[in-house]
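[1] structure of the sequence below:
(chains A and B)
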Number of protein chains: 2
Amino acid sequence: MASMKDHNSAGSGRIVISVDAMGGDRGPATVVAGIAHSAQRNPDIHFLLHGPRDELERLVARRKALSERCEICDASGVVQMTDKPSQVMRHGKDTSMWSALESVRAGEAKVAVSCGNTGALMALSMVRLRKLPGVNRPAIAILWPSRNPQGFNVMLDVGADIRADAQDLLQYALMGASYARNALDMPRPRVGLLNVGTEEHKGRTELHEAHALIAAHTEDGKFDFVGFVEGGDIPGARCDVIVTDGFTGNVALKTGEGTASLIGDLLRQAFAFSPLSRLASLLAYTSLRRLKKRIDPRRVNGGVFLGLNGTVVKSHGSADATGVSAAVKLAFELAKSGFGDRLAARVASAAQQAQDATGVERKKEENP
Amino acid sequence: MASMKDHNSAGSGRIVISVDAMGGDRGPATVVAGIAHSAQRNPDIHFLLHGPRDELERLVARRKALSERCEICDASGVVQMTDKPSQVMRHGKDTSMWSALESVRAGEAKVAVSCGNTGALMALSMVRLRKLPGVNRPAIAILWPSRNPQGFNVMLDVGADIRADAQDLLQYALMGASYARNALDMPRPRVGLLNVGTEEHKGRTELHEAHALIAAHTEDGKFDFVGFVEGGDIPGARCDVIVTDGFTGNVALKTGEGTASLIGDLLRQAFAFSPLSRLASLLAYTSLRRLKKRIDPRRVNGGVFLGLNGTVVKSHGSADATGVSAAVKLAFELAKSGFGDRLAARVASAAQQAQDATGVERKKEENP
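    Below you'll find the predicted structure:
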């Protein structure tokens, strides 16, 4: 990812990231290790760290890289993976997740990062940060290893909402293109709409409506539209942004992860099979490490919530320190590029145009 | 696959498979090479081969294994990959696909195999073979490499119909369990219902209804129900049969295939990178071949159409001779096990029970 290079040179300005220390499968020690790693590599980054003060102070004190660059915000409650989003919305005021989002809402941080419960994080983000004007359903976008030169494709929605109508899919196209521009440095990304075939007569009705809507907004969205794409194009090179509803996107994401993980395990078994194959794995060590790095899910860790007043990066619940650090890096890049404001401007302008178009239509109908 | 062993011993009875020679991406020569390979390995198998007589006679004459074991049924028309199903249904009487299905309909063959256009094949199968009593939407089931001891999971529907209501999903569970019993030798398969989370409050309404329906039919369907599963469980070990609608299933299938293919290419690149890694790939040759064999999509080539009066195996359009031979082997095993009749009996019994239950309910309502 060209734009995700490390920033070892100081001076490009202090960026504050709000981090929820709790709720991940591996606990706050892993989160602190991850942000310490990021702090070491990037002198411009500062943290607001949310969770129980005593525990966090102990953990942070051990990390030199974090000294004077990490402020602790006390929050005693923790959102559990099993908590229902509705419960958290009603009774979650004392939680680290709530507190982490409050910092973004108050303008103290540009982006929030959490490893916690996805459903609760999305529900809280919607009530605390609120949706952008013109957005009906926010979406979660991820980066997927692909055959494209930039190495990754953007896919959304991967699970914010199980439904999406044609208007929502148009908004996903606009937001996904904006995200690709900022996260992958692509001036004019190619957008594809996920379907069961590339022929225009195939698939659900709302997809046909969405096809027409997206095709009509390529100019104001600054993207190219390649039409319908299939599951095989998610890791492919036909487009850079894949648009789908959150049900399909979530199943596709988890199927892809599961398949990659199965192949990885079988590969390890194959190399452990005989003395000869173990020798082979030693000889191929560097090449295999390069491959692993290329498709390691920890390196593209971070689903981004799009369509809110503020950016939220959802790290994998099982993320280790490397994974947390990758999520923080993504948050930093998005904050630095002013992505949130650009996305808001893009969606608002498209919504305005749609409204104007409707106005014109209405006028036409009134005075045919 | 325990039950998919080769049958080199003669005497277990002649089985006739109806094969559409046309419509695959590689043409009839590849199909003939594939069935010749099967004939060589299996003395019980006989073929009805459908397509242009002159061309097929030339191709078959070259294959000793096929002499006196392959009858050619002349059909001049070919269903193209771009043909719309509705056109083929109206004007496709002269095609090899139509002819191949007619043989099953007439009882001359137990199972039909085609590499052609999936949509057209399903549409023709529905009008020519007709749906089983009690089945609303037929489904396409595939075998997916998995972490389970049997090496594969069954997933359906992967694209017969983009919609599925709760009743359809119940039928998929019954048919999928029956298929797993016959194709994978599993007396009591575990069925999972694909969703975006395993918690019971998540997902679409029809999935909640289907959850209740499937849970109520585990005894007459002779399967265990593990409840909701996620995309990661498709190649996993939590269940043996994954039930979903044809839209989601098709996207998941193609995403998994695309991801596996990307990893395979990256692996090849990694091993070609340096002289040392090329040497490593030589040393690991046997192990890597074993891995490739394990996940080679050609070896589990064949989506099976379930829910019709007769079994249809849809081979991949791009199948080579090995792929065609794998599809024929699957067709043979299903024909030999009397799968079609067993499936019909299972579905009919469930439908009858549902009707009885409704009758009882009605009686209760009448005389409360």
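[2] report the separation between A:Arg90 and chain B.
    15 Å (Cβ to the nearest Cβ, to the nearest Å). Placement of C-beta: from N, CA and C, glycine included.
[3] close to chain B, is the helix or strand containing A:Trp144?
    For A:Trp144, the host element (DSSP states H and E) is strand A:139-145. Yes - if you take Cβ under 8 Å from any Cβ of the partner chain as the test, strand A:139-145 does meet chain B, through A:Pro145.
[4] partner strands of the following helix or strand past that strand, with direction?
    Moving toward the C-terminus from strand A:139-145, the next helix or strand (DSSP H and E) is strand A:152-156. When sheet partners are counted by DSSP bridges, strand A:152-156 sits next to strand A:139-145 (antiparallel), strand A:241-243 (parallel).
[5] just the CA trace of strand A:152-156, in PDB.
    Provided in PDB are the C-alpha atoms of strand A:152-156 (Å, rounded to 0.1, in the frame of the first residue of the first chain):
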ATOM      1  CA  PHE A 152      -5.600  -4.900  -2.100                       C
ATOM      2  CA  ASN A 153      -9.200  -4.300  -3.000                       C
ATOM      3  CA  VAL A 154     -11.800  -2.500  -0.900                       C
ATOM      4  CA  MET A 155     -15.000  -4.400   0.000                       C
ATOM      5  CA  LEU A 156     -18.000  -3.000   1.700                       C
END
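[6] what angle do the helix or strand just after it and strand A:139-145 make?
    Downstream of strand A:152-156, the first helix or strand assigned by DSSP H and E is helix A:166-184. If you take axes from the mean of the first three to the mean of the last three Cα atoms, to 10 degrees, helix A:166-184 sits at 50 degrees to strand A:139-145.
[7] what's the average pLDDT for the strand holding A:Trp144?
    What strand A:139-145 shows for mean pLDDT is 92.
[8] which residues are in contact with it?
    The set of residues external to strand A:139-145 that reach it, using Cβ atoms under 8 Å, 6 or more residues apart in numbering or on different chains, is A:1, A:118, A:122, A:151-161, A:168, A:171-172, A:175-176, A:179, A:183-184, A:234-235, A:242, A:246, A:253, A:256, A:294-295, A:300, A:302-307, A:314, B:262.
[9] just the buried ones from these, in PyMOL syntax?
    Selection of the buried residues among the contacts of strand A:139-145 in PyMOL, burial being defined by 16 or more other Cβ atoms under 10 Å in any protein chain shown:
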select buried, (chain A and resi 1+118+122+151+152+153+154+155+156+157+158+159+160+161+168+171+172+175+176+179+183+184+234+235+242+246+253+256+295+300+302+303+304+305+306+307+314) or (chain B and resi 262)
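[10] how many residues are close by the closest residue in space to A:Glu102 that isn't next to it in sequence?
    Distances taken as Cβ to Cβ, 6 or more residues apart in numbering or on different chains place A:Arg128 nearest to A:Glu102, at 6.7 Å, with adjacent residues excluded. The burial count assigned to A:Arg128 is 20, neighbours taken as other Cβ atoms under 10 Å in any protein chain shown.
[11] what does the pLDDT read for A:Arg128?
    Looking at A:Arg128, its pLDDT reads 94.
[12] do stretch A:250-269 and chain B meet?
    Yes - among the residues of stretch A:250-269, A:250-263, A:265-267, A:269 lie within reach of chain B under Cβ under 8 Å from any Cβ.
[13] buried subset of the residues you listed?
    Buried subset of these (neighbour count, 16+ other Cβ under 10 Å): A:250-260, A:262-263, A:266-267.
[14] so which of these are in strands?
    Assignment to strands by DSSP state E places none of these there.
[15] quick check: the farthest pair among these?
    Distance extremes for those: the farthest pair is A:Asn250 and A:Leu267 at 26.0 Å, using Cβ to Cβ.
[16] ok, back up a step: how about the contacts made by the residue nearest to A:Glu102?
    Here A:Arg128 is in contact with A:98, A:101-102, A:105 (criterion: Cβ under 8 Å, 6+ apart).
[17] same question, A:Asn250
    Residues near A:Asn250 by Cβ under 8 Å, 6+ apart: A:158-159, A:162, B:196, B:230-231.
[18] how far away is A:Glu209 from A:Leu306?
    21 Å (Cβ to Cβ, to the nearest Å).
[19] so how far is A:Ala260 from the closest residue to chain B within the stretch 251-368 of chain A?
    As assessed by Cβ to the nearest Cβ, chain B sits closest to A:Lys254 within the stretch 251-368 of chain A, at 2.9 Å. Counting by Cβ to Cβ, the gap from A:Lys254 to A:Ala260 is 11 Å.
[20] kindly report the same for A:Leu101.
    Separation of A:Leu101 from A:Ala260 (Cβ to Cβ): 31 Å.
[21] which residue sits closest to A:Ser125, ignoring its sequence neighbours?
    Per Cβ to Cβ, 6+ apart, closest to A:Ser125 is A:Val312, 5.1 Å.
[22] right, I mislabeled it, should have said A:Leu330
    A:Gly302 (4.4 Å).
[23] name the element A:Ala29 belongs to?
    If you go by DSSP H and E, A:Ala29 is part of helix A:28-41.
[24] tell me which residues are up against the following helix or strand past that helix.
    As assigned by DSSP H and E, the chain's next helix or strand after helix A:28-41 is strand A:45-51. Identification of contacts with strand A:45-51 by Cβ under 8 Å, 6+ apart yields A:14-22, A:28, A:31-32, A:35, A:38-39, A:56, A:60, A:66, A:69-75, A:78, A:96-97, A:99-100, A:103, A:108-109, A:328, A:332.
[25] show me what contacts the residue of the stretch 1-150 of chain A found nearest chain B?
    Using Cβ to the nearest Cβ, the closest approach of the stretch 1-150 of chain A to chain B is made by A:Arg147 at 6.3 Å. Contacts for A:Arg147 (Cβ under 8 Å, 6+ apart) come out as A:235-237, B:262, B:265.
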